[in-house]
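>>> got a predicted model here, sequence first, then my questions.
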Amino acid sequence: MPRSSKSASMENAPLGIFSSEPGTALYEQKNQLDRIKNELLKFGLSANQSKVYIFLGKYGPNTAPDVSKSLELPRTETYHILNTLQNMGVVTAECCQPTKFDALPLSRVIQTLVNSEKERVNILLKNKKELVDLWNKIPSFVVETNETKIDKLQMLQGAPQIYNKIKEMISTAKEEFFLFCTPKDFSRFYHSDLIKLLGNSPVYEKVIISPSHTLPEITEEINRSRIRIMPTAKVDSLCFMIKDFDESLFFLRNANHPSHSIFAVWADARAMIDSLRTLFDYSWENSEILY
């Protein structure tokens, strides 16, 4: 969509992309921009920061009061957002009176945000050894006993946290790793390099994809003889994995949901592991071989 002048943007903004109704010519563009806004959340922008960036990117340079009015944001919040976006390298301020703010190209913005995140991670990695050494210098006051092992569980929400836990489970597996998932889950695992990590692991793996009538095309990372399908399954929300009879992870919200809202429970409780293993073994015996 071409950028327009300030007067045109102010005239059209209330009836433009952000407030278009179903059936109008701009509604499809609104849906596309909503998708971009949701993706920008993954790069660290808030919903309103994304909206301000998109507005400036598509309607051209505007003053803070105009942005506030067009997006129906409080003026104080708008100034704060614009200052934050400047500091992040997302928008620039033009040297004129009144001051106008302009958005940088999306490709440059994404690269800037990625570089900032990499720098933050590098700083954390540099501080890791110092922090661990400092932690180890402080004595532990826990009294060790011979009590029976206490089962633990952990609630995990969002793809980064869950996938990091899965990577940890695969990396520490010694004998076997069993995965039961839907085609959507398998696709997400594949594009997050989890399937590649599992395929390269020396442990014995088994994968059941359910419900499915054919194997996904992206199964080259794993021996096809270790993958089976269940075309007769009634639900498409079952996803879990078991590692070495000592860890399990069960999805309460799987790939049918957006990646930021998926939810899983990790546990080392033997009762849960045995239950999931029984379900997996039964499913494996009743699944189809396609190699």
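Cool, got the structure.
>>> ranges for the strands of the chain?
62-63, 91-93, 100-103, 153-157, 176-181, 204-209, 227-229, 240-243, 247-253, 263-267, 288-289 (DSSP state E).
>>> let's have those strands in TSV, adding mean neighbour count, distance to residue 140 and mean pLDDT.
(C-beta placed from N, C-alpha, C; glycine too.) Formatted as TSV, those follow (neighbours: other Cβ atoms under 10 Å; distance: least, Cβ to Cβ, whole Å; pLDDT from 0 to 100):
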stretch	mean neighbour count	distance to residue 140	mean pLDDT
strand 62-63	22	57	94
strand 91-93	18	49	91
strand 100-103	20	52	92
strand 153-157	14	21	93
strand 176-181	22	32	96
strand 204-209	21	37	95
strand 227-229	21	45	94
strand 240-243	24	28	97
strand 247-253	20	24	96
strand 263-267	18	24	95
strand 288-289	11	51	88
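>>> how about the ones you listed, which one is nearest residue 28?
The minimum distance between residue 28 and these falls on strand 100-103, with 21.6 Å, by Cβ to Cβ.
>>> burial count for residue 36?
Here the count is done by other Cβ atoms under 10 Å, and residue 36 has 13 residues near it.
>>> distance of it relative to residue 221?
Going from residue 36 to residue 221 by Cβ to Cβ, to the nearest Å gives 31 Å.
>>> tabulate the strands of the chain (CSV), appending distance to residue 216.
Shown next, in CSV, are these (distance: least, Cβ to Cβ, whole Å):
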stretch, distance to residue 216
strand 62-63, 46
strand 91-93, 41
strand 100-103, 39
strand 153-157, 24
strand 176-181, 10
strand 204-209, 7
strand 227-229, 9
strand 240-243, 17
strand 247-253, 18
strand 263-267, 21
strand 288-289, 14
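>>> tell me which of those approaches residue 125 most closely.
Among the strands of the chain, strand 153-157 comes nearest to residue 125, with 22.4 Å by Cβ to Cβ.
>>> centre of the chain versus the closest one, how much separation?
15 Å (Cα atoms, centre = their mean, to the nearest Å).
>>> who are the packing partners of it?
Judged by 3 or more Cβ pairs under 8 Å, 6 or more residues apart in numbering; DSSP states H and E, the packing partners of strand 153-157 are helix 159-172, strand 263-267.
>>> what does that strand contact?
Identification of contacts with strand 153-157 by Cβ atoms under 8 Å, 6 or more residues apart in numbering yields 162, 165, 249, 261-269.
>>> can you pull the contacts of residue 100?
By Cβ under 8 Å, 6+ apart, the residues touching residue 100 are 6, 61-63, 93-94.
>>> now the two most distant members of those residues.
For those, the maximum inter-member distance is 14.9 Å, found between 6 and 93 (Cβ to Cβ).
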